[in-house]
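1. My questions concern the predicted model and sequence given below.
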Amino acid sequence: MRKLLITGGAGFIGNHVVRLFVNQYPDYSIFNLDALTYAGNLENLKDIEQASNYHFIKGDITNEAFIDRLFGEHQFDGVIHLAAESHVDRSISDPLAFVKTNILGTVNLLNSARKHWSNNYDGKLFYHISTDEVYGSLGDSGFFKETTSYDPQSPYSASKASSDHFVRAYANTYKLPVVISNCSNNYGPNQFPEKLLPLCIHNIRNNKPLPIYGKGDNIRDWLYVIDHARAIDKIFHHGKREETYNIGGFNEWKNLDIVELLCDIMDKKLGRQVGQSRTLITFVKDRAGHDKRYAIDASKIKEELGWEPSLQFEEGLEKTVDWYLNNQKWLDHVTSGDYQNYYQKQYQG
């Protein structure tokens, strides 16, 4: 049975990746390693937690000795590395936390993979998931390609850029089999409500202000999280070693436009007069170092691996709104912190 370690598997993107691999590959043994910080939630995986090929491990990738013991005990064949601090605002207020998790944590994993695979790399792979933010900011035209030079503009993107460089360095120096992907903004079910869309959904439902940075004219490319999980599956199984793949939704939206669309969808779903929720929009002081535009050229993964998004953005946004409205208990637990009790009850009770 192939043993696969997925780090950060209780987080937003990670839980969708874990679920896909557990369901799609019953002959794999999937180990989900997560520190269960504020954004890691085991309730995200209640539907598969009893699966015979699924195993949860609570632990921190910054703990070098722990990671080394884990590799020694389980002899993983592959790693899909998603664990990361990811919120730009938090990186501005606490950069060191991002250095520890995103850089040191990644190097700990690389070191253990190299040590325990002992240069016998047949059938082994270290897959590192990164972000389009490492490329910096675009003007009104152009797209990020896999060959775009790095130009990170925030402590978060700088930490991810550094981790990308370490992964490539280990491939070059030690011949470790690696692959990297850089994705655009993800949206969909189970996202922690510090991010734009779930925050606005939560606030609209509760008639609270919708904070928009600056004029709301920053542009992002949006990717449905389940489509991202499908792309990760494709890259893990068919991507070329030492290659980079950009994953995007072919979906550019200004922040203000997307929030206005979200307001109108929510008004219809909640039985309110369309336009009512737009009055909640509140412009706030722009974030420090706020990148103007991200846009990904995802033609490489489409041409080489046959992947493309399955949903148009409007359809994906409707599905996302429906999920949050139908899972209010989940959202209440996350926003109150009560979900931390789930781990105690489920694994320590």
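-> Nice, I can see it.

2. Surely residue 79 is within a helix?
-> No: counting by DSSP: H, G, I helix; E, B strand; the rest coil, residue 79 is not part of a helix but strand.

3. Give the bridge partners for it, please.
-> residue 5, residue 126 (DSSP bridges).

4. Is it in contact with residue 129, as I believe?
-> No: Residue 79 is beyond contact range of residue 129, at 10.5 Å (criterion: CB atoms under 8 Å). Any C-beta I mention is one placed from the backbone N, CA and C, and that applies to glycine too.

5. and stretch 16-26, which residues are buried?
-> Neighbour counts using 16 or more other CB atoms under 10 Å place 16, 17, 18, 19, 20, 21, 22, 25 of stretch 16-26 among the buried residues.

6. typo on my end, stretch 88-99
-> For stretch 88-99, by 16+ other CB under 10 Å, it's 88, 90, 91, 95, 97, 98, 99.

7. Just to check, residue 71 is in contact with residue 118?
-> No: counting by CB under 8 Å, residue 71 sits too far from residue 118 to count as a contact (11.0 Å).

8. what about residue 78, how many neighbours?
-> 19 (other CB atoms under 10 Å).

9. try residue 209
-> 11.

10. ok, and the closest non-adjacent residue to it?
-> Closest residue to residue 209 apart from its sequence neighbours, by CB to CB, 6 or more residues apart in numbering: residue 282 at 4.2 Å.

11. Let me know whether that neighbour touches residue 210 as I believe.
-> Yes: using CB under 8 Å, residue 282 is in contact with residue 210, at 6.2 Å.

12. follow-up on the earlier one: which ones among the buried residues of stretch 16-26 lie within strands?
-> Applying DSSP state E to the buried residues of stretch 16-26, no entry is found in strands.

13. possible to save those residues as JSON lines with pLDDT and distance to residue 278?
-> As requested, those are arranged in JSON lines below (pLDDT from 0 to 100; distance: CB to CB, whole Å):
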{"residue": "16", "pLDDT": "98", "distance to residue 278": "30"}
{"residue": "17", "pLDDT": "98", "distance to residue 278": "35"}
{"residue": "18", "pLDDT": "98", "distance to residue 278": "37"}
{"residue": "19", "pLDDT": "98", "distance to residue 278": "35"}
{"residue": "20", "pLDDT": "98", "distance to residue 278": "36"}
{"residue": "21", "pLDDT": "98", "distance to residue 278": "40"}
{"residue": "22", "pLDDT": "98", "distance to residue 278": "41"}
{"residue": "25", "pLDDT": "98", "distance to residue 278": "45"}
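
14. what helices or strands is the helix ranked longest in the chain leaning on?
-> Counting residues, the longest helix found in the chain (DSSP state H) is helix 155-174. If you count contacts as 3 or more CB pairs under 8 Å, 6 or more residues apart in numbering; DSSP states H and E, helix 155-174 packs onto helix 88-93, helix 95-98, helix 105-117, strand 125-131, strand 178-183.

15. List of residues touching the longest one?
-> By CB atoms under 8 Å, 6 or more residues apart in numbering, the list of residues contacting helix 105-117 from outside reads 7, 60-64, 67-68, 70-72, 75-76, 79, 81, 83-84, 124, 126, 128, 163, 166-167, 170, 174, 176.

16. Any quick ChimeraX command for the buried ones out of those residues?
-> Typed into ChimeraX, the line below selects the buried ones among the contacts of helix 105-117, using 16+ other CB under 10 Å:
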select :7,60,61,62,67,70,71,76,79,81,83,84,124,126,128,163,166,167,170,174,176
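
17. Turn the buried residues of stretch 88-99 into CSV, columns for pLDDT and distance to residue 46.
-> Formatted as CSV, those follow (pLDDT from 0 to 100; distance: CB to CB, whole Å):
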residue, pLDDT, distance to residue 46
88, 82, 30
90, 83, 27
91, 87, 30
95, 94, 34
97, 93, 28
98, 95, 29
99, 96, 33
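
18. Pull the most distant pair out of those residues.
-> By the measure CB to CB, 88 and 99 form the most distant pair in the buried residues of stretch 88-99, at 14.6 Å.

19. ok so, going back, could you export the buried residues of stretch 88-99 to JSON lines, including columns for distance to residue 157?
-> Below are the buried residues of stretch 88-99 laid out as JSON lines (distance: CB to CB, whole Å):
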{"residue": "88", "distance to residue 157": "8"}
{"residue": "90", "distance to residue 157": "13"}
{"residue": "91", "distance to residue 157": "8"}
{"residue": "95", "distance to residue 157": "11"}
{"residue": "97", "distance to residue 157": "15"}
{"residue": "98", "distance to residue 157": "9"}
{"residue": "99", "distance to residue 157": "13"}
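
20. And the strands in this structure, which stretches?
-> Using DSSP E, strands in the chain cover 2-7, 28-34, 54-58, 78-81, 125-131, 178-183, 185-187, 210-213, 219-224, 244-247, 252-254, 281-284.

21. And those: which comes nearest residue 320?
-> strand 185-187 (5.8 Å).

22. For the most centrally placed residue in the chain, give me its contacts.
-> In the chain, the residue lying closest to the centroid (CA atoms, centre = their mean) is residue 13, at 4.1 Å. For residue 13, the contacting residues are 82, 129, 186, 225, 228, 229, by CB under 8 Å, 6+ apart.

23. same thing but at 7 Å, please
-> 82, 186, 225, 228 (CB atoms under 7 Å, 6 or more residues apart in numbering).

24. again, but for residue 181
-> 129, 130, 232, 235, 244, 245, 247.

25. Most widely separated two among the residues you listed?
-> 232 and 244 (13.6 Å).

26. Thanks again, I'm all set now.
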